[in-house]
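Engineer: With the sequence up front, the predicted model follows.
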Amino acid sequence: MLEIKNITFEADGSRKILDDISLTIPDGKLICLTGPNGGGKTTLAKVMAGVLTQTSGQIILNGQDISSLDPTERAKAGVAFAFQQPVRFKGISIRKLLSLAAGRALSDEELKAALENVGMVAEQYMERQVDTHLSGGEIKRIEIASVLLRDAKVAIFDEPEAGIDLWSFNNLIRVFEEIRDSRKCSLVIISHQERILSIADEIITIQNGKLGLSGTRDSIFPRLICKNDCTDRGICRMEAAQ
Amino acid sequence: MSDIAEKTIDRNTADLLKQVADFEGKFKGAFNIRSNGGCLGRKSSENIKIESKADNPGLDIYIAPNTKGETVFIPACVTAPGFDDLVYNDFHVGEGAYVTIVAGCGIHTETGEPARHNGIHRFLLAKGSRVLYVEKHVGTGSDDTQKIIDPVTECFLDEDSYLEMDTSQLGGVSKSTRNTKAALKDRATLVIKERLLTDRDETAETHFSVELNGVDSGVNLMSRSVARGHSHQAYQSVIIGNNKCHGHSECDAIIAENGKVDATPELYANSGDAELIHEAAIGKIAGEQIMKLRTLGLTQEEAEAAIVEGFLA
Ligand SMILES: Nc1ncnc2c1ncn2[C@@H]1O[C@H](COP(=O)(O)OP(=O)(O)O)[C@@H](O)[C@H]1O
Ligand SMILES: [Mg+2]
């Protein structure tokens, strides 16, 4: 269980990006964080992963206060985080990055499985560099694969759908459901995507740095309005109601 | 002639040979081992003849036309403090030959005066030949002794020839001035991959000058370097397009601690059909790269090491 207690984050010493956020991520559940752009979702995810340090408040993982742990210690404690904007590396291969994520050299078989999870053909990708030659959708899927390889207690995915083709997306939904069903770890998925929202156990909205609606999927889902700014893949982006 | 050296090879020299030329007690193919100005062993093959120069210290290496898939090793070592080695090696690559040339240099000193190796290599590629040239430079022993390596490389590429030069200097060389010049005829291609790592008070200067004289000739110059400690690197590349040609140079440098890097790219298009591009980026390791690896459980130091290792691989 991950408990977020009264988290406030101020940028530039004063502007409140997160304002007194408290929520609980229960074990083995799939939680969707949604809400308007600029609402503070990514900032909250980064605070959870230790990439940003909260101005005040606490983060408790299975009873242990991890608020002051740095990102390395946070990762070792079992928090994993897939960046919204994946990072590119000149000279690091997909094999190497995924092996670093797993904490050991992966066999070809293991790599194959990890890449298939995100809809990629291993033979074409294993030795490729995680650099600017990968497309947006490819690097996004590598980012997701790196987090799926962590032996995490809580795995956070920041808009995993962005830039991903429908086929890989269907695959990804299946992977998320499998993880949820195995109850191996809690999933926190930041998303505007209807299909992801529809598999959530709970939906939490964040806007203007504050917690908005939160509750079970069935209680929140109908209250989210589709503003019909659908993408070209027919994927419906949802915006939280005020 | 035997596969192994005729004279005994001491431990330091053997270590250097292993580092610069993957020496495991012997070489598979033609070779010449130079050590402190002398010759520790030489072997020609049917297609590759190695001969001493009459006028200057050094060798003429003749690679017969249409030689396919052979490798020739021409490593040089300096292990005597104060020794100043100067050598001229000319590689005459016959028409249609496809070969690999391994010609690194290592210096090992523990005490004493500066040791230096100055290797002047000329590559004469005949029509349609293809060469992979692997050049590793290392310095080992005490950091308190000066180890200087000043390679000069001149490349003449005839029509349809191809030269790839993989050159690296990944530590221990106190001072280095690296001069590479090339002239290309029609449809000739030159690819240069340079990897440099400097630390402490080391300095490395790199000059590339490439003349694209032939129609559809091309050069791709890729340099990656890391400057740590108080080290200093200067990179200069000059690409001259005298014909319909394409030139690309890319200089990526990571600076850490108090390392300094200057990069001066120069492009000269003397033909309306020359296409020349230069890209350069110098900076610290991106914070977000370190952060990503830390979220995978690596410490700050482990993350930096993994990034540098990959970058220079
Ligand atoms: N490093 C930063 N410094 C200052 N402001 C930031 C920084 N990162 C994000 N912001 C601002 O914080 C707000 C929340 O951003 P973000 O967490 O990315 O929102 P979301 O992920 O919900 O779209 C936005 O107004 C954004 O411009
Ligand atoms: Mg965001």
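Structural biologist: That came in fine, so what should we check first? Everything quoted here is computed from the prediction, not taken from an experiment. Ligands and ions are numbered 1, 2, ... in the order given.

Engineer: Could you pull up the mean pLDDT of stretch B:286-298?
Structural biologist: Mean pLDDT, stretch B:286-298: 97.

Engineer: nearest residue to B:Q19 other than its sequence neighbours?
Structural biologist: Nearest residue to B:Q19, sequence neighbours excluded (CB to CB, 6 or more residues apart in numbering or on different chains): B:V138, at 5.0 Å. Where C-beta positions appear, they are placed from N, C-alpha and C, glycine not excepted.

Engineer: Also B:E275?
Structural biologist: Once flanking residues are discounted, B:E275 sits nearest to B:H246: 4.7 Å by CB to CB, 6+ apart.

Engineer: cool, and A:E110?
Structural biologist: A:A102 (7.4 Å).

Engineer: Please report phi then psi for the one you found.
Structural biologist: The phi/psi pair for A:A102 (degrees, to the nearest 10) reads phi -80, psi -20.

Engineer: need the contact list for B:E113.
Structural biologist: Counting by CB atoms under 8 Å, 6 or more residues apart in numbering or on different chains, B:E113 touches B:P81, B:G82, B:Q146.

Engineer: most neighbours, which of those residues?
Structural biologist: The residue in those with the most neighbours, by other CB atoms under 10 Å in any protein chain shown, is B:Q146 (20 neighbours).

Engineer: From chain A, how far off is that one?
Structural biologist: Separation of B:Q146 from chain A (CB to the nearest CB, to the nearest Å): 30 Å.

Engineer: ok, now B:A281?
Structural biologist: The value you get for B:A281 to chain A, if CB to the nearest CB is used, is 9 Å.

Engineer: Look up the residues forming beta bridges with that residue.
Structural biologist: Note on B:A281: beta-bridge partners B:D252, judged by DSSP bridges.

Engineer: could you list every residue that touches it?
Structural biologist: Counted by CB under 8 Å, 6+ apart, B:A281 has contacts B:C251, B:D252, B:A253.

Engineer: Now neighbour count, pLDDT and distance to B:T71 too, for those residues, in JSON lines please.
Structural biologist: JSON lines is the format used below for the contacts of B:A281 (neighbours: other CB atoms under 10 Å in any protein chain shown; pLDDT from 0 to 100; distance: CB to CB, whole Å):
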{"residue": "B:C251", "neighbour count": "25", "pLDDT": "93", "distance to B:T71": "29"}
{"residue": "B:D252", "neighbour count": "19", "pLDDT": "94", "distance to B:T71": "29"}
{"residue": "B:A253", "neighbour count": "22", "pLDDT": "96", "distance to B:T71": "31"}
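
Engineer: can you put the residues you listed in TSV and add distance to A:L44?
Structural biologist: TSV is the format used below for these (distance: CB to CB, whole Å):
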residue	distance to A:L44
B:C251	40
B:D252	35
B:A253	36
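
Engineer: Need the mean per-residue confidence for stretch B:58-67.
Structural biologist: Regarding stretch B:58-67, the rounded mean pLDDT is 98.

Engineer: what about the residue in the stretch 51-200 of chain B that chain A sits nearest to, neighbour count?
Structural biologist: In the stretch 51-200 of chain B, the residue that lies nearest chain A is B:R195 (9.9 Å; CB to the nearest CB). B:R195: 19 surrounding residues under other CB under 10 Å.

Engineer: just for the chain, where's the confidence low?
Structural biologist: With no chain named, the answer covers chain A. Low-confidence segments of chain A, defined by pLDDT under 70: A:225-242.

Engineer: Oops, wrong one, chain B.
Structural biologist: In chain B, residues with pLDDT under 70: B:1-6.

Engineer: What segments of it are helices?
Structural biologist: B:11-21, B:287-294, B:300-312 (DSSP state H).

Engineer: ok, and for the longest one, which residues are buried?
Structural biologist: Within helix B:300-312, the residues scored as buried using 16 or more other CB atoms under 10 Å in any protein chain shown are B:E302, B:A303, B:E304, B:A306, B:I307, B:V308, B:G310, B:F311, B:L312.

Engineer: How about that helix and chain A, any contact?
Structural biologist: Yes. Using CB under 8 Å from any CB of the partner chain, helix B:300-312 comes into contact with chain A via B:Q300, B:A306, B:I307, B:E309, B:G310, B:F311, B:L312.

Engineer: Tell me the spacing between the second one and A:L134.
Structural biologist: Shown here: B:A306 relative to A:L134, a distance of 18 Å by CB to CB, to the nearest Å.

Engineer: Please apply the same query to B:H108.
Structural biologist: Distance, B:H108 to A:L134, by CB to CB: 42 Å.
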